[in-house]
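1. fold the following.
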Amino acid sequence: MDKIISTIYNFAYVANMKVYIATSGYRLPSGLIVKEICCLFPNDEYNHYILKPPTNWDLSDVDKRTIRFAMKNLNSLSYHDGDVPYESIETIFTRYQEYQVYTYSRVTFKLLQNILPTTIIVNVQSLGYQMPSELPNPMCCRVHNTRYCAKAKSIAIKTFMES
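-> I've put the predicted structure just below:
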């Protein structure tokens, strides 16, 4: 009986663990390169990552032009910037495999689903949420357009889910 109660308690505890994950990066003809990740918790604590460029990715000329455009007009994050190796992306997301994950966009949803196949992941777009074209300044680590800021997006996801 104690084992059953313990199992129920553990299930209820895990079911209440939530994280709001947003990404920002470059959608290229050759694939997605994630540049920024923010994982926000219900208590407003967060983990924020700026990823270094992938080491095993050969960029085409079109990829390079797309990155230059995004750096100049969208996220203002330098492609060559970052403090976390790109190859750590799976390790970063695997930390949240026991959480209920809320995210925005089909692209981020699929990325998370590939890395966390047994995790409950909710794309808030499927709940009718549309990301505003302007988001409040989240006081991020870098000065960049808040619409393309992973921290601003994770705050917007959390605010939607708590409303």
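2. what about the helices in this structure?
-> Assigned by DSSP state H, the chain shows helices spanning 2-16, 61-73, 89-94, 106-115, 150-162.
3. what sits against the residue nearest in space to the middle of the chain?
-> For the chain, the residue nearest the mean C-alpha position is A22 (2.7 Å; CA atoms, centre = their mean). Applying CB atoms under 8 Å, 6 or more residues apart in numbering, one finds that A22 lies in contact with 37-38, 40, 103-104, 108, 150-154, 156-157. In short, each C-beta sits where N, CA and C put it, glycine included.
4. next one: I37
-> Neighbouring residues of I37 by CB under 8 Å, 6+ apart: I21, A22, T23, N47, H48, Y49, L51, I89, I92, A150.
5. separation between the residue nearest to the centre of the chain and V143?
-> Separation of A22 from V143 (CB to CB, to the nearest Å): 18 Å.
6. ok, N123 next?
-> For N123 relative to V143 (CB to CB), the value is 29 Å.
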